[in-house]
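quick one, fold the following:
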Amino acid sequence: MKDLNGFTIGASDGDIGTVKECYFDDVSHTVRFVVVDTGGWLSERKVLLSPIAFRAMDWEHERITAALTKAQVEKSPDIDTNRPVSRQHETVYYGYYGYDPYWAGSYLWGGSPYPYLGSGPALSAADLERERRWNWEAKHQENPHLRSSREVTGYHIQATDGEIGHVEDFLVDDHSWAIRYLVVGTTNWWPGKKVLMAPAWVDRVDWDQSKVHVTLTRAQIKNSPEYDPARPVERDYETKLYGHYGQPRYWGE
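Numbering: from 1, shown residues only. As a prediction, this is how the structure comes out:
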């Protein structure tokens with residue numbers, strides 16, 4: 001996720017600004033917005049943009065193309081990016097842009113596993129059934145919030161038998177925008193070693209104490225496959241990681 005910081009967001013009639021951080025929901029752990037610093041043209045105002053609007057990701061040139069105009073962004077609802085974003089704020093935002101809310105369907109993005117079907121792979125009926133994970137109406141979340149990636153970076157990791165490290169970054173699927181892994185630094189115990197943890201292994205987050213409690217032991221984490229940020233995370237590595245923890249795979253069989 002840190003790699004997205006500084007990416008330029010391009011509208012149909014010019015550049016909007018640069019990405020500063022991301023907001024993810026604390027139920028499904030999916031990136032719902034990027035925070036964009038608009039610079040001088042909107043008097044240093046920061047705005048939220050949804051991946052629903054994104055049409056192309058250019059990693060080489062650090063650029064995201066969005067199906068928006070600068071006028072749309074300029075008139076978008078103001079949201080205080082220094083506080084967690086509530087469902088009420090999201091409702092106003094989605095209403096302004098005319099998007100279908102992700103919490104009104106059975107998939108990660110409401111009616112689809114992806115924010116924009118045109119940029120994702122074609123899905124078979126079996127794929128769709130496997131992706132049918134989020135019946136938002138059944139979650140009964142009284143007040144779910146969006147959380148800042150910048151805020152959560154640095155949170156301590158609490159294993160079942162003691163503290164074990166801290167959150168350094170997040171790895172995000174750039175089709176669904178789901179957070180697949182937390183990147184955990186364990187330098188206080190094993191110099192230089194980084195490991196990955198899936199959000200499904202998080203028991204709870206103590207927002208007041210800045211701690212992420214996981215359903216893993218220190219020994220399990222210590223002996224898990226090491227993560228090398230210089231190498232892409234491929235399915236062979238993921239299979240080994242999930243096998244080490246004895247956890248069901250998110251991608252199915």
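
list the buried residues for the helix or strand encompassing Thr91?
Taking DSSP states H and E as the criterion, Thr91 maps to helix 87-97. By 16 or more other CB atoms under 10 Å, the buried positions in helix 87-97 come out as Arg87, His89, Glu90, Tyr93, Tyr94. C-beta coordinates here come from the backbone N, C-alpha and C atoms, glycine included.

please parse the protein into its domains.
1-151, 153-245 (automatic domain parsing).

what about the residue minimising distance to the centre of the chain, which SS state?
What sits nearest the mean C-alpha location of the chain, by CA atoms, centre = their mean, is Val31, with 3.2 Å. Three-state call for Val31 (DSSP: H, G, I helix; E, B strand; the rest coil): strand.

ok, and the closest non-adjacent residue to it?
Trp177 (4.3 Å; CB to CB, 6 or more residues apart in numbering).

what ranges do the strands span in the stretch 101-250 of the chain?
Taking DSSP state E, counting those that start in this stretch, the strands of the stretch 101-250 of the chain run over residues 145-148, 156-159, 162-172, 179-185, 194-197, 202-206, 211-214.

of these, which shows the lowest average pLDDT?
Mean pLDDT is lowest for strand 145-148 out of those, coming in at a mean of 84.

can you list contacts of that strand?
Applying CB atoms under 8 Å, 6 or more residues apart in numbering, the contact partners of strand 145-148 are 21-26, 32-33, 35, 81, 84-87, 90, 207.

quick one: least confident of those?
The minimum pLDDT among the contacts of strand 145-148 falls on Thr81, with 66.

contacts only, for the residue nearest to the centre of the chain.
Counting by CB under 8 Å, 6+ apart, Val31 has contacts Met1, Cys22, Tyr23, Phe24, Pro51, Ser149, Val172, Trp177, Ala178, Ile179.

from these, pick the one nearest Ser12.
Nearest to Ser12 among the contacts of Val31 is Pro51, at 16.8 Å by CB to CB.

re the thing from before, got JSON lines for the strands of the stretch 101-250 of the chain, with distance to Pro248 and mean neighbour count too?
Below are the strands of the stretch 101-250 of the chain laid out as JSON lines (distance: least, CB to CB, whole Å; neighbours: other CB atoms under 10 Å):
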{"stretch": "strand 145-148", "distance to Pro248": "25", "mean neighbour count": "20"}
{"stretch": "strand 156-159", "distance to Pro248": "20", "mean neighbour count": "20"}
{"stretch": "strand 162-172", "distance to Pro248": "18", "mean neighbour count": "19"}
{"stretch": "strand 179-185", "distance to Pro248": "14", "mean neighbour count": "21"}
{"stretch": "strand 194-197", "distance to Pro248": "15", "mean neighbour count": "21"}
{"stretch": "strand 202-206", "distance to Pro248": "15", "mean neighbour count": "14"}
{"stretch": "strand 211-214", "distance to Pro248": "16", "mean neighbour count": "20"}
